[in-house]
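Below is the sequence, then the predicted model.
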Amino acid sequence: MRLRLQAPGRHMAMNALAALAACAGLDLDIDQAARALDGFQPVAGRGAQRRIATFDGTALLLDESYNASGASVRAALEVLRLQPGRHLAALGDMLELGDEAESEHRALAEIVAQSADLVFACGPMMRLMFADLPAHLRGAWEPDSQSLAPLLKAELRAGDALLVKGSLGSNMARLIALIEEGA
């Protein structure tokens, strides 16, 4: 059997393998399951990729705006690293982490620094991660996604790859809408 996923990333490949293993365990038709997976396309907010206008051309948007955890941010950053061009990351707070919120946000600084050429962040918890980044990687931090949008939009160039990731409450979908407005 051969399977080609339309969704990039090791995490998506592992999810597909788990789905196929579950089908095998239930004695379902694995070839049919593989064909179904072959047609899978990530949806907006959960890994969809599309071109967005910049003042000088287009950039690739990796839309992960619906939810965020430490593991999902790391997976999304791995996908960002695979893209050609300059790597920008716009990160909003990961919510509902309880007592682990500060440590989980700070723990991202190292992989963010390895994956992004320029980082934009919003929210009180992402401010902690942002402060831990080397100065040359810091694009801008703002308290909310709406305030961050014009700063990010001004920096976005043709050929860039932009990852937008954050918990739903961080309203990163609004950031995407604002950077696309009037472009």
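Perfect, thanks for sending it. Numbers count the residues shown, from 1 in each chain.

Going by C-alpha atoms from here, please, whenever you check contacts or count neighbours.
OK.

Next, the contact list for the nearest residue to Leu61 once chain neighbours are set aside, please.
In this structure, Leu61 finds its nearest non-sequential neighbour in Leu162, 4.9 Å apart by Cα to Cα, 6 or more residues apart in numbering. Contact analysis of Leu162 by Cα atoms under 8 Å, 6 or more residues apart in numbering lists 59-62, 80, 87-90.

Could you list the low-pLDDT ranges of the protein?
In the predicted model, the chain carries pLDDT under 70 at residues 1, 3, 5-14, 16, 40, 43, 182-183.

For Leu20, see how far away the residue in it sticking out farthest from the centre is.
Within the chain, the residue lying farthest from the chain centre (Cα atoms, centre = their mean) is Asp27, at 34.9 Å. Asp27 sits 10 Å away from Leu20, going by Cα to Cα, to the nearest Å.

thinking again about what came up before, ok so the residue farthest from the centre of the chain is a helix residue?
No: assigned with DSSP: H, G, I helix; E, B strand; the rest coil, Asp27 falls outside any helix and is coil.

Please report how far it lies from Pro150.
Taking Cα to Cα, one finds Asp27 at 52 Å from Pro150.

ok, now Ala107?
Ala107 is 27 Å from Pro150, by Cα to Cα.

likewise Ile176?
For Ile176, the distance to Pro150 - Cα to Cα - is 11 Å.

who's more crowded, the two?
The neighbour comparison of Ile176 against Pro150 (other Cα atoms under 10 Å) goes to Ile176, with 22 against 14.

what separates the helix or strand where the more buried one lies from the chain centre, distance-wise?
If you go by DSSP states H and E, Ile176 is part of helix 172-180. For helix 172-180, the gap between its own C-alpha mean and the chain's C-alpha mean amounts to 13 Å (Cα atoms, centre = their mean, to the nearest Å).
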